[in-house]
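A.B. asks: Here is my input, please return the structure:
(3 chains)
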Amino acid sequence: MAVSKVTIPAPTPDSMPTAGLFTRPTWTTGIGSWLTTVDHKRLGLLYIGASLMFLAFASIEAFLIRLQLAAPGNTLLSPDVYNQMFTMHGVTMVFLAIMPLGIGFANYFVPLQIGARDLAFPRLNAFGFWVYFFGAVFLYSSFFLGGAPDAGWFAYAPLTSLSNNPGNGTDFYMIGLLVGGIGTLVTAMNLIVTIVSMRAPGMTMMRVPVFTWMILVTAFLIIFAFPPLTIALLQVIFDRTFGTLFYVPEGGGMPILWQHLFWIFGHPEVYIIVLPAFGVISEVIPTFSRKPLFGYPVVILSGIFIGFMGFAVWSHHMFTTGLGPVVNTAFALTSFVIGIPTGIKIFNWLGTIWGGKVRFATPMLYAIAFLVTFTLGGITGIMLAVPPFDAQAQDSYFVVAHFHFAMGGGALLAFFAGLYYWFPKMTGKLLDERLGKTAFWLNVVGFYLIFVPMHVVGLIGMPRRTQTYAEGIGFELPNLLSTAGTFVMGVGLTLLLINIVHGFLRGKPAGNDPWDARTLEWAVSSPPPHHNFDSQPVVNDRDALWVQKYPESVHGERVPASASEPYDAVGIHMPGQSWYPFFMGLALMVFSYALLYHNFWVVGISVAMIFFFTYAWALEGVGGHHLPAGPRTADQSRKEGHA
Amino acid sequence: MSAATASTAVVPGMESGHYRSSKLPDVKLMMWVFLASDIMFFGTLIGTYLVYKGRSLTGPYPVDVLDVPLTTVSTFVLLMSSFLMVLALHALRQDDIAKFRLWTFGVAFFGAIFLGFQVYEFAHFVDLGLTLQGNLFGTTFYVLTGTHGVHVTIGVIWLLSILVHSYVKPWTSKDDVYLEVAGLYWHFVDIVWIVIFTIIYLVEFV
Amino acid sequence: MHVRRWLQRGLAIAVSVPLIAACEFSGPQSALDPSGPVAQAQKDLFVWTLWLSVPVMVGVFGVLVYVLLRFRAKNAEDESSIPHQTHGNFKLEIAWTIIPVILVILIAVPTVRTIFATEQRVEAGPDDLAVHATGYQWWFKFDYLDHGFTTANELIIPVGTRVVVSLDSADVLHSFWVPSLAGKRDMIPNNDNQVWFVADEPGTYYGQCAELCLGAHAYMRFRVIAMERADYDGWIASFQNAAAQPVSADPMVERGRVLVAQKGCVACHTIDGYAAGTEVGNPDFPSLTNFGLRTTVGAAIADNTPENLAAWLRDPQAMKPGNYMPTLWSADDPSREEEIEAIVAYLLSLGRDGLASGQLTLGGVHGGQ
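C.D. replies: You can find the predicted model right below:
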């Protein structure tokens, strides 16, 4: 390959700037480059960075909760402050930390895994991030502006009515999630179009990596699950702002409607959180067992089945609300059924390890911890699907234990596996293995110390969301153990963050493919060049990279690699940066504050701003620039400005 | 360093640097996906209406205020606007720019007439004592039809923007997908209205 | 280090076993310590699912430990060797789909049976005790529908009789949960929920609100006290005759009786028999009728002793932050202690037919605590 012949001109915008407003920014370094980026890799890093920051906030909130509960009668946190702590812990973990972590990985790796250069709508992608970010800032500003939301992360009516909860906190919750949800929705739509339309030639759906498949199912879940939540939030906002009667019992409103709408969203939401985690595990285990995923079509199909069934189980969160034995039976049965495909996935992961060559690098350790923890979480889930038992366990610490095992031990551990797995690809540097393993053990032991006793204390009668508890009936020891566990896990999480920072600054060079992996993202440099692939990849197999590296390991006839390599004849078209996604996000935040403070003039102004930015965005033109086709050295790649 | 696996054959579409694994244009697929989520929005609002139907503690009740003949006229106007939308798209595909502009204006105009009917109806209902805060019928009716009205308004603005833009930068049949997605949105809003009209108005008087 | 992976992994699970074993499972609020058929059926189902989960755990964790040991890469050369690239096994997929289906059926059948045995709506008949429970922020009102009186935070029931509790809320969501007798049912405005249960033995069973209701939610508790028939009938009679009960001759009690009007207590709290022929109190606040018989103070957050009652009167916010009881005396009020003593004496005299406090007997506390 003659690499020296390609000359690299400075990137210039193609579209004719018609006015200053429509000139696309072109910074490749500095803060301007981050605020105007549309590069899926940079946005992925922004998502992951923001998620980790909110994970830290949520951990602090959890730590304060556990300090308060270390002994009965503690007065560290008053009931009002305590309610804000567990509410924000839940809202932060679900909406601001774990879900965006999955979306961040999706943003970074879906295009790379399918052989594309970016998402289908790069500016929309940026908009999705900024709306999430500004929505999160808005939500957290509540601590300084009258108090954070305090009605729990699922905010049951009529606890959220104006008469029962006159402070600002509930408005921050309703408006913050309403606006933030817009970002999630558009990103999901973007991912669907990308995965359907931008796969490399030869990459049929049954050759798509499992992570990308799970993201596709997740995206469909998002577009169907978020709207009911959005409407429910809107209804409460109307109740509080305009005096409507949606959830006002005195006017005939039925609080239970809120529960239905919330959980029609809320149950798919937990699958939105966990399916990307399943996808990560389905990449990590094959790589570190050096075998393809066992039962790929079955794993995909069970993911799709879980997606569908996820909409059929919501009332298992409402078994104690008096729906009646017939309804309870129906939802119990659907909830049992949804456990089956999850079990099948676990068996297939075990089958992947069987007969392989297992390497115990840190990503694999987290994947193994996930297998154990999620299985246990799934088992307690089946127990909770039994309405008579759920009548005892619902709203007790048994449920808290269950969902922390499933979402914390499940999704969080899996995303930590993804972090260790993909960090080298995103940064070009390796994380320290010894530090990684130490942090791993502290995290896992700490996790079990925190959450195992919660199963017990729930069964002996401790309800959740209580700022303190009665003495002398057996609650003290489990609570003390749980609090002790937070110290252990706190050290583990701190070490993990230190490892990441240290890796950024001083990690050893990773090379393209430090794990000898199987999918296309490992074929390019670490970090990947701005344009991802020098030429459009063409694939003939699942695990395309592995087949390319070790063709003799794969059965059947293989087309021999050819000598020439096809390049894009007209060069590589890269999308242009833009200010408008950032400004739109800002305008939506202004709108949020205006609505919160009932300042309808400013609401009008922000709507006008949104209109203005919409037009500017639409009329900005295609933008972007061309890079010449052909191979380039790492140095040339760097000059072209990769993330 | 290339990631290409085998194959000397150049895949169609690759030479333009714009290969797609689906025949649907991106914006059209995007609009379909958006409409799928919008179905859930309206489904939730309609579901809320149905749950609270007949549960208002005080009047006015639907039979007291709804004027089916009047709303039938506005429904017809909206339906006609969808027909004009079809004509507009057809004209653009034939590069008949004058007709494209005429019919696009027609759609927006009829949409605006529908909105005018809605505004009149809301004002009239308020006069009759039906308010957002008065009873569950008021709450659910105004929020459901109001959300629909906002969708129509956005559609009207969108179409007028297309119209104005076609004078600034000429549209040709090559741009048809951008009108088509506006059309998909418009037809969707129309179909949702048919459902709303049936559930709120027609069902009361059957 | 790598080779010990299975040992250390197992350690994390093994740590859980003593963690669980170290904790007490019995207790007056324990779902695992049932004292009635409903709670027993619910616990039995839990135990059944626990047993069925054992083969699942043994299977999954056993295989996991096996594959991690057997197929680990033993050295650098091993790490770069490529094992056989198996893609799947159709028969295995069928097998490990069918087995979970069988397990699900094994769980589902007793589940459905128990649902219909414990969750059907019932009509309270002549042999049942019908009670209407209303959740308030942050206390429970109990209306004895057939007997015509109202009490708060303490539900006295006869042993062996089905108790049918209709549930409502006066404000936000609450939940009625007494684990030893039955699983919880939510108290939702406009929902008309119902829960029923039977107590097999005399005893005191602890309950707690199990749905976030803000404020003093953690302090919203109650007691269910099951009595033998004779004792129960006596208790009912004392409530029905509350208006006619003789007031103690003790001057302290008489002073307290005067003070509860002066300090405004009876503006909120109903006391049957406080003043013959007058309507006092507000049904939206806890009734204090026969308060001398009640075993707890402040919605079951402390035992009803003179010390605790005095502490409550002195500073209710300290015991139950955020509740609606005002602080009646400023800290430097010189008459505070004397007035509190008098009110305590009066309240504790209610329902005791002139008996001195300390001569009270109610069923022993359940759970041996």
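A.B. asks: isn't residue B:51 right up against residue A:257?
C.D. replies: Yes: Residue B:51 lies in contact with residue A:257 (C-beta atoms under 8 Å); the separation is 6.0 Å. The C-beta positions use only the backbone N, C-alpha and C, and glycine is treated the same way.
A.B. asks: intersection of neighbour lists for the two?
C.D. replies: By C-beta atoms under 8 Å, 6 or more residues apart in numbering or on different chains, residue B:51 and residue A:257 have no common neighbours.
A.B. asks: could I have stretch A:66-79 exported to CSV, CA atoms only?
C.D. replies: Only the C-alpha atoms of stretch A:66-79 are listed here, as CSV (Å, rounded to 0.1, in the frame of the first residue of the first chain):
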residue,chain,number,x,y,z
ARG,A,66,-27.1,4.6,53.9
LEU,A,67,-25.4,6.8,56.6
GLN,A,68,-28.9,7.9,57.7
LEU,A,69,-30.1,4.3,57.9
ALA,A,70,-27.0,2.9,59.7
ALA,A,71,-28.9,3.0,63.0
PRO,A,72,-32.5,3.6,63.9
GLY,A,73,-33.5,7.1,65.1
ASN,A,74,-30.7,8.8,63.2
THR,A,75,-31.1,12.5,62.5
LEU,A,76,-28.5,13.0,59.8
LEU,A,77,-31.1,13.6,57.2
SER,A,78,-34.6,15.0,58.1
PRO,A,79,-37.5,13.2,56.4
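A.B. asks: Can you list the buried residues in that stretch?
C.D. replies: Applying a neighbour-count criterion of 16 or more other C-beta atoms under 10 Å in any protein chain shown, one finds A:66, A:68-71, A:77, A:79 buried in stretch A:66-79.
A.B. asks: State the mean pLDDT of that stretch.
C.D. replies: The predicted model assigns stretch A:66-79 a mean pLDDT of 95.
A.B. asks: where does the chain have low pLDDT?
C.D. replies: Just going to use chain A. By pLDDT under 70, the low-scoring segments of chain A are A:1-22, A:555-571, A:622, A:629-630, A:632-643.
A.B. asks: actually chain C
C.D. replies: Looking at chain C by pLDDT under 70, you get C:1-24, C:247, C:275-280, C:353-369.
A.B. asks: Tell me which residue of it is furthest from the middle?
C.D. replies: Taking C-alpha atoms, centre = their mean, the residue of chain C most remote from its mean C-alpha position is residue C:77, at 61.7 Å.
A.B. asks: Whether the helix or strand hosting it contacts chain A - can you check?
C.D. replies: Assigned by DSSP states H and E, residue C:77 belongs to helix C:76-80. Yes: using C-beta under 8 Å from any C-beta of the partner chain, helix C:76-80 reaches chain A at C:78-80.
A.B. asks: how far out from the middle of the chain is that helix?
C.D. replies: Distance of helix C:76-80 from the chain centroid (C-alpha atoms, centre = their mean, to the nearest Å) equals 59 Å.
A.B. asks: Nearest to chain C within the stretch 301-450 of chain A, name that residue for me.
C.D. replies: Closest approach between the stretch 301-450 of chain A and chain C, counting by C-beta to the nearest C-beta: residue A:391, at 2.3 Å.
A.B. asks: buried ones in the helix or strand where that residue lies?
C.D. replies: Taking DSSP H and E as the definition, residue A:391 sits inside helix A:387-393. Within helix A:387-393, the residues that count as buried by 16+ other C-beta under 10 Å are A:387-393.
A.B. asks: Let me have the buried residues of stretch A:66-79 in TSV, extended by distance to residue B:63 and secondary structure.
C.D. replies: Shown next, in TSV, are these (distance: C-beta to C-beta, whole Å; DSSP: H, G, I helix; E, B strand; the rest coil):
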residue	distance to residue B:63	secondary structure
A:66	58	helix
A:68	56	helix
A:69	56	coil
A:70	62	coil
A:71	62	coil
A:77	54	coil
A:79	48	helix
